[in-house]
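[1] build me a structure from this.
(2 chains)
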Amino acid sequence: AQSVTQLGSHVSVSEGALVLLRCNYSSSVPPYLFWYVQYPNQGLQLLLKYTSAATLVKGINGFEAEFKKSETSFHLTKPSAHMRDAAEYFCAVSLSGNTPLVFGKGTRLSVIA
Amino acid sequence: GAVVSQHPSWVICKSGTSVKIECRSLDFQATTMFWYRQFPKQSLMLMATSNEGSKATYEQGVEKDKFLINHASLTLSTLTVTSAHPEDSSFYICSADGLAPDTQYFGPGTRLTVL
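    Down below sits the predicted model:
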């Protein structure tokens, strides 16, 4: 069975500061890993995905994540936070790209001016 | 880019009535569609996997007679909540694959409120 743990249900950063959202996974097979962002009352938008290629994955809006097998982690980072980054972020794992996703509980990112 | 739509985006109904939610892939054919449910301030939980022309596969604990899924074509899947009750109030989100490898595209969600 697969699972995802997101450390910190709420992260608050100042505008311009580093964003770090943590995600650890558990999977019996090499995983596919995803980060999605959800704005209020909207669906999910894919930020980036890891599918066994490069371990450092660059996504949209300046976000990137690094797959570390030894740490079973896939943390999301952004060098400089913008107000528009305030949203809910979900880490997810799946067996492949077209199998159901198992989501973490989400981390709400607040950006303080 | 790929677009998945859902209709309606918001519905309020009385307890005991049935509600149908549509999920459409607008510019690609979706071999598989997934239905998720999200309660307030919680994560998404998979309800069922739907393949065109075959019966949906439901997750454990999801009542298949209550949440009817029909995947009539490669661009349309419907979720019908039958005899809805207040505890069914939730945000229902569908996703579809079949365009880019290893990628699911999510619809904007449908907010269901049962009075």
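[2] so, low pLDDT: which residues of the chain?
    All of this is about chain A. A:97 (pLDDT under 70).
[3] actually it's chain B I care about, not the one you picked
    Residues of chain B that meet the criterion pLDDT under 70 lie in B:1-2.
[4] one more time with 80, if that's ok
    Low-confidence regions of chain B, defined by pLDDT under 80, span residues B:1-2, B:41, B:98-102.
[5] and the residue of it nearest chain A?
    Of chain B, the residue with the smallest distance to chain A, taken as Cβ to the nearest Cβ, is B:Asp102 at 2.6 Å. Yep, even glycine has a C-beta here, placed from its N, CA and C like the rest.
[6] any residues of chain B in contact with chain A? List them.
    Residues of chain B that fall close to chain A, judged by Cβ under 8 Å from any Cβ of the partner chain: B:4, B:6, B:31-32, B:34, B:42-46, B:49, B:93, B:95, B:97-98, B:101-109, B:111.
[7] look up phi and psi at the closest residue to A:Pro79 other than its chain neighbours.
    With Cβ to Cβ, 6 or more residues apart in numbering or on different chains as the measure, A:Leu18 is the residue that lies nearest to A:Pro79, at 6.1 Å, once sequence neighbours are left out. Dihedral pair for A:Leu18: phi -70, psi 140, per degrees, to the nearest 10.
[8] I figured A:Leu18 was touching A:Asp85, is that so?
    No: judged on Cβ atoms under 8 Å, A:Leu18 makes no contact with A:Asp85 at a distance of 11.6 Å.
[9] drop anything exposed from the residues of chain B next to chain A.
    Among the residues of chain B next to chain A, those scoring as buried are B:4, B:6, B:32, B:34, B:43-46, B:49, B:93, B:95, B:97-98, B:102-109 (criterion: 16 or more other Cβ atoms under 10 Å in any protein chain shown).
[10] around chain B, which positions in chain A sit nearby?
    Residues of chain A lying near chain B by Cβ under 8 Å from any Cβ: A:32, A:36, A:41-46, A:49, A:51, A:90, A:96-98, A:100-106.
[11] in strands only, show me the residues of chain B next to chain A.
    With strands taken from DSSP state E, the overlap with the residues of chain B next to chain A comprises B:4, B:6, B:32, B:34, B:44-46, B:49, B:93, B:95, B:105-106, B:111.
[12] JSON lines please, covering these and showing distance to A:Ser12.
    Compiled in JSON lines, those are given as follows (distance: Cβ to Cβ, whole Å):
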{"residue": "B:Val4", "distance to A:Ser12": "32"}
{"residue": "B:Gln6", "distance to A:Ser12": "31"}
{"residue": "B:Thr32", "distance to A:Ser12": "37"}
{"residue": "B:Phe34", "distance to A:Ser12": "32"}
{"residue": "B:Leu44", "distance to A:Ser12": "23"}
{"residue": "B:Met45", "distance to A:Ser12": "27"}
{"residue": "B:Leu46", "distance to A:Ser12": "30"}
{"residue": "B:Thr49", "distance to A:Ser12": "36"}
{"residue": "B:Ile93", "distance to A:Ser12": "26"}
{"residue": "B:Ser95", "distance to A:Ser12": "29"}
{"residue": "B:Tyr105", "distance to A:Ser12": "30"}
{"residue": "B:Phe106", "distance to A:Ser12": "26"}
{"residue": "B:Arg111", "distance to A:Ser12": "27"}
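[13] and these, which two are the farthest apart?
    The most widely separated members of those, counting by Cβ to Cβ, are B:Thr32 and B:Arg111 (24.1 Å).
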